[in-house]
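[1] Can you look at this prediction? I've put the sequence above it.
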Amino acid sequence: MTKAELAAIFAYYTSMPEKIARARRLFGRALTLTEKIFVSHAHDLEAQQWERGRAQLRLRVDRVAMQDVTGQMVILQFMQSGRQRVAVPTTVHCDHLIRAQTGAAADTERAISENREVYDFLRSASRKYGIGFWKPGSGIIHQVVLENYAFPGGLMIGADSHTPNAGGLGMLAIGVGGADCAEAMAGLPWEVLHPRLIGVKLTGKISGWTAPKDVITYLCGLLTVKGGTNKVVEYFGPGAESVSCTGKATICNMGAELGATTSVFPFDDRMAGYLRATGRAELAELAEGHRELLMADPEVADAPEKFYDQVVEIDLSTLEPHVVGPHSPDRARPVSKLAAEVREHGWPAGLKAALIGSCTNSSYEDMRRAAHLAMQGAKAGLKAKTYFLITPGSEMVYQTIKRDGIIQRFEEMGGTVLANACGPCIGQWKREDVRKDETNSIVSSFNRNFPGRNDGSAATLSFLTSPEIVTALAFAGTLEFDPLHDTLETPDGKRFRFTPPEAEEFPTEGFVRGREGYEPPAEDGESVRIEIAPDSERLQLLEPFPEWDGQDFMDLPILIKCKGKTTTDHISPAGPWLRYRGHLDKISDNMFLAAVNAFTGEAGKGIDVLSGERGIPITQIARRYKAKGVGSVALGEENYGEGSSREHAAMSPRYLGVRAVIVKSFARIHETNLKKQGILPLTFADPSDYDRFEAEDRVSVVGLASLAPGKSVQAIVKKPDGKTLTITANHTLTQEQIRWFRAGSALKAAK
Ligand code: MIC
Ligand code: SF4
């Protein structure tokens, strides 16, 4: 942390009391932590409307972070703004493009040569525009941010949905699409719908087998993947201090799986301890001197239901370890009930792989707890019965666990350490042990488990749980093992039972620092040149999208009617496609590749209604329509676009002519991404209208000239026999967002 960064935080803390006092007067009551952070970042506190669930907040952010695959579009969009230097502190982190194949060193080296062009682009753009650059191998964005940049009471946005990880350090950190980042970097205020608040009161104490992960997997089961949409989850209560700072980060990280805008914990001694352990003692002291600003007012804990829209209480002392999956993070049950469910559903009990780490769960404490089980197993003469893969979250953690013999423990049990990168969490996993269509089970300590997520195969059943439970299951090789109650047979025929994991929170000898691979920007970026080869297949300069022509959308074919869960991994898959994240035309070949079309039952294919041909890839149909100057609409069900922040899931449809997306409900980031890119996001006033659309129908969206906030629009569906039906659709566009629609995109409107 530089002197200037510390001074900025000091100035911010000093400015808070006055703003908080003003807000208390304005609201006529005490404030939650989330509100304190919002009011302290208001672009214009007095002019701002504060109605939760309705008002659009205009905020000034302290930081922007992006990773290598979303970062390309962020920078390409930022370049369109014409600015020479970013207006707020910004970093880019090379983590998503490293493919897990043989192990850390070889994988990182291979990535550097395969992705040279992209890394060179990000590096030179960072030097030029004043962005901090974290090179490949330095770690996963959210870990590196927690270790270096997060601070209590701050506000940050990041082009990655797990940005809320920094809530573990009391920061309000929000995952957004790339256009939001580009605008903030260009100095514009950042806008977000004022979220409602869920207060989660933690009582009791976390101990034994129960891990921070269980708080969030349990909550996912309770609230579901859409339960947090447009809400902030604010933790409070006496139990919070029993959770380490990195454990809090795990909980906030995976709050993204609730669809929550973000999650946050109040500042406490565990956070101060983490700041000191990571070399930020001065910041710890500063935060300690401003404690009351960095937590909710005392009145809130006394009567939480008066301050939060919803209150949930979790007793950490009785919380059991949980396992969620397959296919959705809200399919939760305690580990003690898993075996019965596995049998009931006929899921393969045998595990093909067990993976720990990722941005969610790769702290020193996590690794140490897992290593404690590894050591117990080794003592009993056991080895992992399945592939056991370890992804450290950062170079700092990797070097430290290597020095402390933890890596050795994992290797002794048969584990392989992968690069400090996303790897198998995002389909960057060259898996050769199972056939693509072979139903098989894997377990990890990651945060997402949509079909196809890890290895590109929808036949893989992915379960999520804490790193310690994953490690125990690796020894057992089966999902039918409950490490708390069951025993394993040792080579000499004895029965062996694990004791609960134990670990220090921080390394006794301190973290190993100084090898992480940070490159600061150039003092004067003017002379730095950014080159993009015209024939590059990795990068393509953006052409602005055309502005709205003032006409209603008339008789558009339905490109696809998405059936069931449609995540961004269905709309714009990752894995091998990550390669093309900087090239809009090329990546658009993956559009809707994994989405199931209700008209045909097939994934990624549909009917070209102009020619009548069936079984054509959706992207090809869209390209045919586009060549003929014909737009289209896409339809979907609940929580459409959940998951990642990737704006490609909005940009590709926009690029290939989709004019409106009509669904039962949207996930927050995706809905904003559609608005930003100039697509009309609509929801059925009556969700059952979804069933009334057939393959050959044409859809008109009318009255667009009088599009206004809060006013629904009409969609006229014309059947092949000429009959029509009229459907009402709602939207959440503000006046400002209607301007984006008219201009063709938010970025064009900002010019
Ligand atoms: C993810 O976890 O899905 C990703 C890959 O980190 C994404 C970002 C992306 O698609 O680039 C996210 O969560 O936003
Ligand atoms: Fe990377 Fe996975 Fe974390 Fe996304 S969730 S940032 S892919 S480790």
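    Thanks, I have it. Predicted model, so just to flag it, every value in this text is computed and none were measured. Ligands and ions are numbered 1, 2, ... in the order given.

[2] Now do the residue nearest to residue 705 when sequence neighbours are not counted against residue 689, distance only.
    In space, and not counting its chain neighbours, residue 705 is closest to residue 550: 6.8 Å by CB to CB, 6 or more residues apart in numbering. Heads up, the C-betas are built off the backbone N, CA and C, glycines and all. Per CB to CB, to the nearest Å, residue 550 is found 27 Å from residue 689.

[3] quick one on the thing from earlier: does the residue nearest to residue 705 lie in a helix or a strand, and which?
    Counting by DSSP states H and E, there is no helix or strand that carries residue 550.

[4] Residue 714 reaches residue 699, doesn't it?
    No: contact between residue 714 and residue 699 fails when scored by CB atoms under 8 Å: they sit 10.8 Å apart.

[5] More neighbours: the two, which one.
    Taking neighbours as other CB atoms under 10 Å, residue 714 and residue 699 compare with residue 699 leading, 22 against 13.

[6] contacting residues around that one?
    553, 555-558, 633, 660, 662, 693, 715-718 (CB atoms under 8 Å, 6 or more residues apart in numbering).

[7] go on, residue 161?
    Applying CB under 8 Å, 6+ apart, the residues near residue 161 are 175, 256, 643, 644, 645, 669.

[8] Which two of the residues you listed have the greatest separation?
    Greatest spacing in the contacts of residue 161, by CB to CB: 175 and 643 (10.4 Å).

[9] returning to what we had before: quick one: which of the contacts of residue 161 is most hemmed in?
    residue 256 (32 neighbours).

[10] Tell me the spacing between that residue and residue 219.
    12 Å.

[11] Point me to the residue of the stretch 651-751 of the chain nearest ligand 2.
    In the stretch 651-751 of the chain, the residue that lies nearest ligand 2 is residue 669 (13.0 Å; CB to the nearest ligand atom).

[12] before we move on, what about the stretch 251-400 of the chain?
    residue 359 (3.2 Å).

[13] Now do the contacts for that residue.
    By CB under 8 Å, 6+ apart, the neighbours of residue 359 are 140, 141, 142, 143, 162, 165, 253, 393, 422, 425, 447.

[14] separation between it and residue 251?
    For residue 359, the distance to residue 251 - CB to CB - is 13 Å.

[15] Can you say which helix or strand has the most centrally placed residue in the chain in it?
    Geometric centre of the chain, nearest residue: residue 161, 2.2 Å, by CA atoms, centre = their mean. Using DSSP H and E, no element contains residue 161; it sits outside every helix and strand.

[16] interface residues of the stretch 151-300 of the chain facing ligand 2?
    By the rule CB under 6 Å from any ligand atom, the part of the stretch 151-300 of the chain lying against ligand 2 is 160, 162.

[17] For stretch 725-732, buried residues please.
    727, 729, 731, 732 (16 or more other CB atoms under 10 Å).

[18] Contacts for it, please.
    Looking at what lies outside stretch 725-732 - CB under 8 Å, 6+ apart - the contacts are 193, 662, 671, 680-686, 689, 692, 701, 707, 712-717, 719.

[19] okay, now the closest residue to ligand 2 within the stretch 151-300 of the chain: neighbour count?
    As assessed by CB to the nearest ligand atom, ligand 2 sits closest to residue 162 within the stretch 151-300 of the chain, at 4.9 Å. If you count neighbours by other CB under 10 Å, residue 162 ends up with 28.

[20] swap in residue 541?
    For residue 541, using other CB under 10 Å, the count is 13.

[21] likewise residue 665?
    18.

[22] so it touches residue 224, yeah?
    No: counting by CB under 8 Å, residue 665 does not reach residue 224; the two are 11.9 Å apart.

[23] tell me the strands in the stretch 51-200 of the chain, going along the chain?
    56-59, 63-67, 90-93, 132-134, 155-159, 172-175, 190-193, 196-203 (DSSP state E, counting those that start in this stretch).

[24] would you turn these into TSV with mean pLDDT and distance to ligand 1?
    Formatted as TSV, these follow (pLDDT from 0 to 100; distance: least, CB to the nearest ligand atom, whole Å):
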stretch	mean pLDDT	distance to ligand 1
strand 56-59	97	20
strand 63-67	98	6
strand 90-93	98	11
strand 132-134	97	15
strand 155-159	98	7
strand 172-175	98	6
strand 190-193	96	16
strand 196-203	98	21
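
[25] in the stretch 401-550 of the chain, which spans are helices?
    Here the stretch 401-550 of the chain has its helices, by DSSP state H, counting those that start in this stretch, at 406-412, 467-476.

[26] which strands and helices sit next to the longest helix seen in the chain?
    Ranked by residue count, the top helix of the chain under DSSP state H comes out as helix 3-27. Counting by 3 or more CB pairs under 8 Å, 6 or more residues apart in numbering; DSSP states H and E, the packing neighbours recorded for helix 3-27 are helix 33-40, helix 281-288.

[27] could you dump those helices to TSV with mean pLDDT and mean neighbour count?
    Output for the helices and strands packed on helix 3-27, formatted as TSV (pLDDT from 0 to 100; neighbours: other CB atoms under 10 Å):
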stretch	mean pLDDT	mean neighbour count
helix 33-40	98	25
helix 281-288	98	18
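
[28] Which one of those lies nearest to residue 122?
    Using CB to CB, the helices and strands packed on helix 3-27 put helix 281-288 closest to residue 122, at 27.7 Å.

[29] Now do that closest one and helix 3-27, the angle between them.
    Computed by axes from the mean of the first three to the mean of the last three CA atoms, to 10 degrees, the angle separating helix 281-288 from helix 3-27 equals 10 degrees.

[30] let's have the chain start at 329 instead
    Sure thing, new numbering starts at 329, so read that last one as helix 609-616.

[31] Pull the residues that contact whichever helix or strand comes after helix 609-616.
    Using DSSP H and E, the helix or strand that follows helix 609-616 in sequence is helix 626-630. Contacts of helix 626-630 with the rest of the structure, by CB under 8 Å, 6+ apart, involve 357, 358, 359, 360, 527, 564, 565, 635.

[32] Could you tell me which residues of the protein lie near ligand 1?
    So the chain meets ligand 1 at 397-398, 424, 488-490, 503, 754, 776, 902, 971-974 (CB under 6 Å from any ligand atom).

[33] mind running it again at 8 Å?
    Contact residues, the chain versus ligand 1 (CB under 8 Å from any ligand atom): 395, 397-398, 424, 469, 487-490, 503, 584, 687, 750, 753-754, 775-776, 781, 896-897, 900, 902, 906, 909, 971-974, 976, 997.

[34] which residue does the stretch 429-578 of the chain bring closest to ligand 1?
    Counting by CB to the nearest ligand atom, the stretch 429-578 of the chain gets nearest ligand 1 through residue 489, at 3.4 Å.

[35] How much space separates that residue from residue 1027?
    30 Å.

[36] With residue 545 instead?
    40 Å.

[37] Residue 722 too?
    48 Å.

[38] List the pairing partners of whatever helix or strand residue 1053 lives in within its sheet, with orientation.
    Taking DSSP H and E as the definition, residue 1053 sits inside strand 1052-1058. With DSSP bridges as the test, strand 1052-1058 is paired with strand 1008-1012 (antiparallel), strand 1041-1046 (antiparallel).

[39] pLDDT below threshold where in the stretch 329-478 of the chain?
    Applying pLDDT under 70 to the stretch 329-478 of the chain picks out no residues at all.

[40] One more pass at 90, please.
    329-330, 408-410, 427-433, 435 (pLDDT under 90).
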